[in-house]
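Undergrad: Quick one: sequence plus predicted model below, questions after.
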Number of protein chains: 2
Amino acid sequence: MTSIREFQNLMRRLYRVRDSKRGAKATHDWLKEEVDELYEAIEAINKEGIAEELADVLAWLASLANVLGVDLEEAALSKYAGSCPKCDSSPCICTSERKEP
Amino acid sequence: MTSIREFQNLMRRLYRVRDSKRGAKATHDWLKEEVDELYEAIEAINKEGIAEELADVLAWLASLANVLGVDLEEAALSKYAGSCPKCDSSPCICTSERKEP
């Protein structure tokens, strides 16, 4: 079992230097690129590719959190603490989407 | 400490029904939307907003993994098992970016 924090720390060990040099905006570009590749894998119904791209999105998200100095686990649990942050229920009983686009 | 799997399970408990109804592509649209909002928060140097948007991106990524039937933790650790998947070193010693865009 690997915590969100442990995975973020792994990304820090592997990529700290190059992530810092690249900076937040360029790291965000890479996150976006991986999100697009994930869509392509979904469209292609490529099961192995889907798993790999989901992993890449998480990896770049953790790298970006490192560059931004945010603990991803703390941020996630602070917003999603066991119930929907909008309707405060579990499961969510919101009548609209989590929020309007 | 919360594992990646526990967080994905939390998203399943909260949003399983609406995520399944929405489907993979529409859920991916929401993931993308959150990634864009994260960029806006970075540009605005909005520290609280950045943490919240990072949380939202992780939440939608976990929802999408649920819709796609993929264990995000397993996918992440299968690709990032302690070293860079490209150069197999820790820290990464790749001479180029993780991969070409």
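TA: That came in fine, so what should we check first?
Undergrad: Select the longest helix from chain A.
TA: Of all the elements of type helix in chain A, the one with the most residues (DSSP state H) is helix A:4-43.
Undergrad: next SSE after that helix?
TA: helix A:47-68 (DSSP states H and E).
Undergrad: returning to what we had before: now for the longest helix of chain A, which elements pack on it?
TA: Helices and strands in packing contact with helix A:4-43 are listed as helix A:47-68, helix A:72-79, helix B:4-22, helix B:24-43, helix B:47-68; criterion 3 or more C-beta pairs under 8 Å, 6 or more residues apart in numbering or on different chains; DSSP states H and E. In this view, the C-beta of every residue, glycine as well, is placed from N, C-alpha and C.
Undergrad: Between those helices, which one is closest to A:Ile4.
TA: Ranking these by proximity to A:Ile4 (C-beta to C-beta) places helix A:72-79 first, at 3.8 Å.
Undergrad: Let me have the helices and strands packed on helix A:4-43 in TSV, adding mean neighbour count as columns.
TA: Rendered in TSV, the data for those read as follows (neighbours: other C-beta atoms under 10 Å in any protein chain shown):
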stretch	mean neighbour count
helix A:47-68	23
helix A:72-79	20
helix B:4-22	18
helix B:24-43	18
helix B:47-68	23
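Undergrad: CSV please, covering these and showing distance to B:Cys94.
TA: Formatted as CSV, the entries for those read as follows, by distance: least, C-beta to C-beta, whole Å:
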stretch, distance to B:Cys94
helix A:47-68, 14
helix A:72-79, 23
helix B:4-22, 24
helix B:24-43, 24
helix B:47-68, 24
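Undergrad: how about those helices in a markdown table, adding mean pLDDT and distance to A:Pro91?
TA: Listed next are the helices and strands packed on helix A:4-43 as a markdown table, based on pLDDT from 0 to 100; distance: least, C-beta to C-beta, whole Å:
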| stretch | mean pLDDT | distance to A:Pro91 |
| --- | --- | --- |
| helix A:47-68 | 98 | 23 |
| helix A:72-79 | 98 | 16 |
| helix B:4-22 | 97 | 5 |
| helix B:24-43 | 98 | 16 |
| helix B:47-68 | 98 | 12 |
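Undergrad: so which of those helices comes closest to B:Ser89?
TA: The closest approach between B:Ser89 and any of the helices and strands packed on helix A:4-43, judged by C-beta to C-beta, belongs to helix A:47-68 at 15.6 Å.
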